[in-house]
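1. structure of the sequence below:
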Amino acid sequence: MKRSGAADLPLHYGYVPQWLAERMARLGLAVTEVLLAEYGKQEVIRRLADPFWFQSLGAVMGMDWHSSGITTSVMGALKRAINPHSRELGIYICGGKGKYSRQAPQEIVKVCETTGLDAEKLVRSSKLSAKVDNTVVQDGFQLYMHCFVLSDEGQWTVIQQGMSGGSSMARRYHWHSADIRSFVEEPHTAICGANRGIILNLADREAGPAQQAVVSLTQEKPEQMMQDIQRLVLPAHHEVRTEDVDLRRLGAVLWLAHDRQPADFEELIMLEGVGPRTLQSLALVSEVIHGTPSRFRDPARFAFAHGGKDGHPFPVPTAVYDETIEILQTAVHKAKLGQTDKLDAVRNLTTLAQRAEKDFTPAGGLDAYIEKERKDSWKYGGRTVFGREKPPAGQVKGRQLLLF
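-> Below you'll find the model as predicted:
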């Protein structure tokens, strides 16, 4: 995840309904627990520092796949879900949006009182990251959200977002403690936002003379450039279009879920009985957990797990969402008892789908598939901010139709 990037993040001023916020928190906790069980605390911190992975996580949670709202809603859900279990998990989330961003230093100090970490150093890192993005990088974006995520081992990541008053755009900044060599020489793992032309960036490695003349944020000497910049460009349109998705990867997931049954695969025997629609969501959640960095270059694809609250690409299938969470929670619980079969089966979904990627694309094209999902949405408990999806006249919604 050692890369930088930029992305269009259209500002959305909507709200996250309670029925989705609660599910986002539960899924976020389940994904975090699986990551901790499989890869450890450092990997959780590292994933959050990657803008591509972060956007994919937000999409799989049912948020609008391309909007700035992913940042605040995902971090809010994770903080609500993780912090009550922080001592057990070893992960703490400080700060937040608006007035809560200013509480980050005090929250960091409280964490350090229980973990023995260096509060002064961590608070300084929090303040400097905000100072750099708000003042040193003069790109026209004013910070309004600052989250500082740290482990009880001392690794941390900063996720913060700024708004440009005249452009209706947001820019998200990612920092990662493992990659920081200097706070004044290209310290970011990523800057996500629209390209608005020439900016004044006093954190650029060539800005040494200006740094000396204008600002002195740290006594650390600037060192070598961290990494190349990669761009994540998120469009303003709400709908998910063919160009937004890697069709072979999506097609392989749909093939796995709808054209074959779990019983056909020895690797998935522990998931036998899970219906095809839930298997589709599980396969995409599995990839968020187990996928390598190159797998997250089309975050829109992950919206095909649980749709989006505004109905793009389709309404959130709440029944599928709930079963996905239940399966992950059961897998984590069993793993704590030494029974890893279900976690292994979830991991194998990623492997099986990748085997098929060369041969499959969505039958009839992406638009036809989206239309089918919308038509069948009522079967899966489909909901948006506009209300519940209703069955066609003359059809009665039955629980047995939802998943199997």
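2. lowest-scoring secondary structure element of the chain by mean pLDDT?
-> When the helices and strands of the chain are scored by mean pLDDT, DSSP states H and E, helix 208-214 comes last with a mean of 40.
3. tell me the helix or strand right after that one.
-> Downstream of helix 208-214, the first helix or strand assigned by DSSP states H and E is helix 247-254.
4. CA atoms only for that next one, dumped as PDB, please.
-> Only the C-alpha atoms of helix 247-254 are listed here, as PDB (Å, rounded to 0.1, in the frame of the first residue of the first chain):
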ATOM      1  CA  LEU A 247     -16.000  -6.700 -16.000                       C
ATOM      2  CA  ARG A 248     -13.900  -9.800 -16.000                       C
ATOM      3  CA  ARG A 249     -13.500  -9.600 -12.200                       C
ATOM      4  CA  LEU A 250     -17.100  -8.900 -11.600                       C
ATOM      5  CA  GLY A 251     -18.200 -11.500 -14.100                       C
ATOM      6  CA  ALA A 252     -16.100 -14.200 -12.200                       C
ATOM      7  CA  VAL A 253     -17.900 -13.300  -9.000                       C
ATOM      8  CA  LEU A 254     -21.300 -13.500 -10.600                       C
END
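5. which helices and strands does the helix or strand following it pack with?
-> Remark: after helix 247-254, the chain's next helix or strand is helix 276-290, criterion DSSP H and E. Applying 3 or more Cβ pairs under 8 Å, 6 or more residues apart in numbering; DSSP states H and E, we find helix 276-290 packed against helix 18-38, helix 51-60, helix 247-254, helix 303-306, helix 318-336, helix 341-355. (Glycine included, C-beta is placed from N, CA and C.)
6. now those as TSV including distance to Asp152?
-> Conversion of the helices and strands packed on helix 276-290 to TSV gives the following (distance: least, Cβ to Cβ, whole Å):
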stretch	distance to Asp152
helix 18-38	12
helix 51-60	22
helix 247-254	36
helix 303-306	31
helix 318-336	19
helix 341-355	23
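7. right, and Leu122 touches Trp156 too?
-> Yes: using Cβ atoms under 8 Å, Leu122 is in contact with Trp156, at 6.7 Å.
8. before we move on, back to that, out of the helices and strands packed on helix 276-290, flag the one nearest Ser294.
-> helix 51-60 (9.0 Å; Cβ to Cβ).
9. find residues that contact each of Leu122 and Trp156.
-> 148, 150 (Cβ atoms under 8 Å, 6 or more residues apart in numbering).
10. more crowded one of those two?
-> Counted by other Cβ atoms under 10 Å, Leu122 and Trp156 do not tie: Trp156 has more neighbours, with 25 against 22.
11. excluding sequence neighbours, find me the nearest residue to that one.
-> Nearest residue to Trp156, sequence neighbours excluded (Cβ to Cβ, 6 or more residues apart in numbering): Leu150, at 4.0 Å.
12. quick check: angle from the helix or strand that contains the one you found to helix 18-38?
-> Element membership of Leu150, judged by DSSP H and E, is strand 142-151. Orientation check (axes from the mean of the first three to the mean of the last three Cα atoms, to 10 degrees): strand 142-151 against helix 18-38 gives 40 degrees.
13. just the CA atoms of strand 142-151, as CSV, please.
-> Presented in CSV, the C-alpha positions along strand 142-151 are these (Å, rounded to 0.1, in the frame of the first residue of the first chain):
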residue,chain,number,x,y,z
GLN,A,142,-9.9,23.3,4.2
LEU,A,143,-9.9,20.4,6.5
TYR,A,144,-13.1,19.4,8.3
MET,A,145,-12.4,15.9,9.3
HIS,A,146,-9.4,14.3,11.0
CYS,A,147,-9.2,10.7,12.2
PHE,A,148,-6.1,9.2,13.9
VAL,A,149,-6.1,5.4,14.0
LEU,A,150,-3.5,3.7,16.0
SER,A,151,-2.6,0.3,17.4
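14. list the contacts of the residue nearest to Trp156.
-> 45, 91-92, 94, 108, 111, 117, 122, 156-157.
15. how about a cut-off of 7 Å?
-> Residues in contact with Leu150 (Cβ atoms under 7 Å, 6 or more residues apart in numbering) are 92, 111, 122, 156.
16. Val320 now?
-> Per Cβ under 7 Å, 6+ apart, neighbours of Val320: 277-278, 281, 306, 380, 403.
17. out of the residues you listed, which one sits closest to Glu22?
-> His306 (13.3 Å).
18. what is the burial count for the closest one?
-> His306: 29 neighbours (other Cβ under 10 Å).
19. equivalent analysis for Ser164, please.
-> Neighbour tally, Ser164, other Cβ under 10 Å: 17.
20. pLDDT weak spots in the stretch 101-250 of the chain?
-> Low-confidence regions of the stretch 101-250 of the chain, defined by pLDDT under 70, span residues 136-140, 165-167, 179-231, 233.
21. how about 90 then?
-> Residue ranges of the stretch 101-250 of the chain with pLDDT under 90: 128-143, 162-238.
22. strands of the stretch 51-200 of the chain, residue ranges please.
-> 91-97, 137-138, 142-151, 156-164, 169-176, 190-192, 200-201 (DSSP state E, counting those that start in this stretch).
23. for the fifth one, buried residues please.
-> So the one you mean is strand 169-176. 169-176 (16 or more other Cβ atoms under 10 Å).
24. check the offset of it from the chain's centre.
-> 13 Å (Cα atoms, centre = their mean, to the nearest Å).
25. and that strand, which strands flank it?
-> strand 9-10 (antiparallel), strand 156-164 (antiparallel), strand 190-192 (antiparallel) (DSSP bridges).
26. need the winner for burial among the ones you listed.
-> strand 190-192 (a mean of 26; mean count of other Cβ atoms under 10 Å).
27. re the thing from before, just give me the least confident of the contacts of Val320.
-> Of all the contacts of Val320, Leu403 carries the smallest pLDDT score, 48.
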